[in-house]
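# Please find the sequence and the predicted model below.
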Amino acid sequence: MGTIQSLALLLFANCFHSSSPGSTASQKDSRFFRFKVEFNRFLSALVKMKQHHTVFSLSKTIELLGIPHDIYSLNILINCFYYLHVVNFDFSILGKVLKFGLEPDIVTFTTSINGLSMKGQIYEAVDFFDDMVGVGYQPNLHTYNVIVNGFCKFGKANVAVGLLKGMVERGYDPNVMTYIAVIDALCKDKLVVEALDLFTQMIQRGVEPNVVTYSCLIHGLCNLGKHNQALALLKKMVGQNISPDDFTFNILINTLCKKRLVSDAQSIIKIMVQRGVKPNAITYSTIVHGLCYLGKAKEALALLNEMVRQNMSPNVLTFNISIGTLSKEGMVSEGQGIVDLMVKRGIKPDCTYNSLMDAYCLYSQMNDARKIFDMMVIDGIVYVFCYNTLINGYYKSRRIDNSKKLFDEMPQKGLVPNSVTFNTLIKGLWEAGRMQTAQELFKNMCSHGQRLNIITFSIMIHGSCKLGDLNEAFTLFKAMENSNLELDLMIYNILIDGMFKARKINNAKDLFSILFEKGLQPNIFTYIAMIKGLCKEGLLDEAYKVFREMEWVGCLPDDWCYDVIIQGFLRHKDVPRACQLIKEMVGKGFSTNATTIELVIHLLHNDDHILRKL
DNA sequence: CTAGGGTTAG
């Protein structure tokens, strides 16, 4: 690509320089002018093709060839510099404009304002705007649109609405672009009512809505779940002879996928084709994602392959999502196949390798995981995240020493372990029964100024409970309360469970009531911990009360929960209530787990009474 | 000017 452009440049330059000896000054001038027009047109085309780098290097080349810029080429260049995020460029380019003895025009200013606002420096953009007006330049509609657009992209829809009003007052007629920017921003702020209001206003002012206007509104309505209104708007636009385009259809397809109605989404594609709208990569990627979301890995893979066959390249993200799903469904080798395909197609995997490595870890295929890791090391693309994944993989495969070794070699690779690294390894050490090392590492983590998060605390509290060190558990709990961490239900669940295991019944009950005082809503795990603990202590009536309480607060018991309480009653020979609960459970369509059945059978041997009851 | 979107620790 670069070569072709250089060639094009050489041809241009040649046409400019190879003036025949006899040509007059005016002939040279007109040839120069023609060259510049062609050249600028070429630069614009490159911008449209997002070849900003090429514009940049081409401009440098013509400068070197002694061909001066004009204000048009400089304006294009300003645009490119902003696009490529060259910092503080506005000053140097204005310097350049002046150096060439050129006068900045309104396009120069508008482009600079746009560049600043797209960088998120909307207030600097406004200053620039004011300065421009201050030195006597008259903003045009496009200048205003750029400012309005800036505020919209900056999430300041309300400011944009104000600006729109101001424009009208100053005698500028906002066009469809202005309205689209504001309507879209309002929709993204979930202010669809206001957006629809503006839509009515624009029609009243005689500005015709187009497919983009409708698509934005439909998108906004869909995101709010107002599907009927979205459909009504779709009908309205079709009634006005405005055809939905690929964007409109993709919005609808995405909405259906989010509602898990992927097959309906797929039938939308048929409608698209019937209407002569060509589905694009986003259309198919959306469906692929929808299928992944449903766990339909095989179908997703098939569609992905179909995309590739049609030469419609899915991008890294779509590949990554698919790999994640394939792995979760146990199709790791298919995941590997996708990575190979990506490489073959020249799509650079990013965290893809990490996902794949995690998948191998999940299935304890540590050799394959290690292979990927080593490859990343060789390619120099390992980062802390990769270490975390592999450390996690090793300890879950009961190879904690490998985890520790990886951790220890991080510094010499120039990598600083983060809180995830510490949490993962500490958890692994606890699980491997290496309590002391776990505690040492925790101290290490604190002394290194590592930020302790809720997960750190939950791992440590869990560990302390397991050790029976309730003092330590409470110390940690207090430390957590004193830090600015948000209250977390899981910590309470762990503590309640720990208290019961240590037979501190009253402490457990206290925690359970504190939970309500703190405004936390217990979940199924909390209730299971309570019921299990109370049953173990033979406090069956209390357990039963808690069990019934669940339904009251809208936390419906699941099959696991039923099993816990039934087993509790069976172990304490409260057969009537166990039977009643089994009946209830079956009535709800749950089935008992193996342990409960075993227990029933075991009791059967000793008690004919149960047999009769059942 | 409008559409999709990924990874590690409880």
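Yes, it's here.
# The residue of the stretch 501-614 of chain A found nearest DNA strand B - how many residues pack around it?
Of all residues in the stretch 501-614 of chain A, the one sitting closest to DNA strand B is residue A:525 (10.7 Å; CB to the nearest atom of the strand). The way it works is simple: take the backbone N, C-alpha and C, and place the C-beta from them, glycine included. Look at residue A:525: counted by other CB atoms under 10 Å, it has 17 neighbours.
# quick one: the nearest residue to it once chain neighbours are set aside from residue A:36, how far?
Spatial nearest neighbour of residue A:525, chain neighbours left out: residue A:493 (4.8 Å); criterion: CB to CB, 6 or more residues apart in numbering. Shown here: residue A:493 relative to residue A:36, a distance of 72 Å by CB to CB, to the nearest Å.
# Mind checking which of the two has more residues around it?
Higher neighbour count among residue A:493 and residue A:36: residue A:493, with 23 against 19, using other CB under 10 Å.
# Does anything pack onto the strand or helix carrying the more buried one? Which helices or strands?
According to DSSP states H and E, residue A:493 maps onto helix A:489-501. Applying 3 or more CB pairs under 8 Å, 6 or more residues apart in numbering; DSSP states H and E, we find helix A:489-501 packed against helix A:454-467, helix A:470-482, helix A:505-517, helix A:524-536.
# Just send these back as CSV, with mean pLDDT too.
Below are the helices and strands packed on helix A:489-501 laid out as CSV (pLDDT from 0 to 100):
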stretch, mean pLDDT
helix A:454-467, 94
helix A:470-482, 91
helix A:505-517, 91
helix A:524-536, 93
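# Residue A:44 and residue A:73 touch, don't they?
No. Look at residue A:44 against residue A:73 with CB atoms under 8 Å: they stay out of range, at 9.7 Å.
# Specify which residue of these two has the higher count of neighbours.
residue A:73 (23 against 16).
# Okay, and the more buried one sits in which element?
Here residue A:73 is assigned to helix A:71-83, by DSSP H and E.
# so for that helix, what's the average pLDDT?
The predicted model assigns helix A:71-83 a mean pLDDT of 83.
# which residues touch it?
A:36, A:39-40, A:43-44, A:47, A:52, A:55-56, A:59, A:69, A:89-90, A:93, A:96-97, A:100, A:102-105, A:107-108, A:111-112, A:114-116, A:118-119 (CB atoms under 8 Å, 6 or more residues apart in numbering).
# could the helices and strands packed on helix A:489-501 be laid out in JSON lines, adding distance to residue A:286?
Shown next, in JSON lines, are the helices and strands packed on helix A:489-501 (distance: least, CB to CB, whole Å):
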{"stretch": "helix A:454-467", "distance to residue A:286": "33"}
{"stretch": "helix A:470-482", "distance to residue A:286": "41"}
{"stretch": "helix A:505-517", "distance to residue A:286": "41"}
{"stretch": "helix A:524-536", "distance to residue A:286": "33"}
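# Tell me which helix or strand the residue of the stretch 1-150 of chain A found nearest DNA strand B sits in.
Closest contact between the stretch 1-150 of chain A and DNA strand B, by CB to the nearest atom of the strand, is at residue A:149 (6.3 Å). According to DSSP H and E, residue A:149 maps onto helix A:141-153.
# Now the stretch 351-500 of chain A against DNA strand B: closest residue?
For the stretch 351-500 of chain A, CB to the nearest atom of the strand, closest residue to DNA strand B: residue A:388, 2.9 Å.
# gap between that residue and residue A:316?
21 Å.
# more crowded one of the two?
residue A:388 (23 against 14).
# what sits against the more buried one?
Here residue A:388 is in contact with A:418, A:420, A:421, A:424 (criterion: CB under 8 Å, 6+ apart).
# isn't the first one right next to residue A:384, touching?
Yep, that's residue A:418 we're talking about. Yes. Counting by CB under 8 Å, residue A:418 does reach residue A:384; the two are 5.5 Å apart.
# does the nearest residue to residue A:100 once chain neighbours are set aside sit in a helix or strand, and which one?
Leaving aside its sequence neighbours, residue A:100 sits nearest to residue A:69 (CB to CB, 6+ apart; 5.5 Å). For residue A:69, there is no host helix or strand (DSSP H and E).
# List the residues that contact residue A:171.
Contacts of residue A:171 (CB under 8 Å, 6+ apart): none.
# Do you know the pLDDT at the residue in the stretch 51-200 of chain A positioned nearest to DNA strand B?
Residue nearest to DNA strand B within the stretch 51-200 of chain A: residue A:180 (4.0 Å; CB to the nearest atom of the strand). pLDDT, residue A:180: 97.
# residues touching it, list them.
A:212, A:213, A:216.
# Just give me the neighbour total for the last one.
Other residues near residue A:216 come to 27 when the count uses other CB under 10 Å.
# Need the contact partners of the helix or strand encompassing residue A:548.
Secondary structure assignment for residue A:548, by DSSP H and E: helix A:540-552. The contact list for helix A:540-552 (CB under 8 Å, 6+ apart) reads A:524, A:527, A:530-531, A:534-535, A:556-557, A:561, A:565, A:568-569, A:572, A:574, A:577.
# In three-state terms, label residue A:260 for me.
Secondary structure, DSSP: H, G, I helix; E, B strand; the rest coil: residue A:260 is coil.
# Pretty sure residue A:294 is one of the things it touches, is it not?
Yes. Between residue A:260 and residue A:294 there is a contact under CB under 8 Å: 6.2 Å.
# Now do the same contact list for the most centrally placed residue in chain A.
Centroid check for chain A by CA atoms, centre = their mean gives residue A:317 as the closest residue, at 10.2 Å. Counting by CB under 8 Å, 6+ apart, residue A:317 touches residue A:285.
# how much space is there between it and residue A:359?
Taking CB to CB, one finds residue A:317 at 17 Å from residue A:359.
# what's the answer for residue A:276, then?
41 Å.
# Between the two, which is the more surrounded one?
residue A:359 (27 against 7).
# Export the host helix or strand of the more buried one to PDB, keeping only CA atoms.
Here residue A:359 sits within helix A:352-362, counting by DSSP H and E. Extracted C-alpha coordinates of helix A:352-362, given in PDB (Å, rounded to 0.1, in the frame of the first residue of the first chain):
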ATOM      1  CA  THR A 352      -7.000 -14.200  22.700                       C
ATOM      2  CA  TYR A 353      -4.100 -16.300  23.700                       C
ATOM      3  CA  ASN A 354      -4.900 -15.600  27.300                       C
ATOM      4  CA  SER A 355      -8.500 -16.800  26.900                       C
ATOM      5  CA  LEU A 356      -7.200 -19.900  25.200                       C
ATOM      6  CA  MET A 357      -4.700 -20.500  27.900                       C
ATOM      7  CA  ASP A 358      -7.400 -20.100  30.500                       C
ATOM      8  CA  ALA A 359      -9.500 -22.700  28.700                       C
ATOM      9  CA  TYR A 360      -6.700 -25.200  28.800                       C
ATOM     10  CA  CYS A 361      -6.300 -24.400  32.500                       C
ATOM     11  CA  LEU A 362     -10.000 -25.000  33.000                       C
END
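# what distance separates the helix holding residue A:149 from the centre of its chain?
27 Å (CA atoms, centre = their mean, to the nearest Å).
# try stretch A:324-344
Counting by CA atoms, centre = their mean, stretch A:324-344 comes out at 20 Å from the chain centroid.
# Could I get the buried residue list for it?
A:324-327, A:329, A:331-332, A:334-336, A:338-339, A:342 (16 or more other CB atoms under 10 Å).
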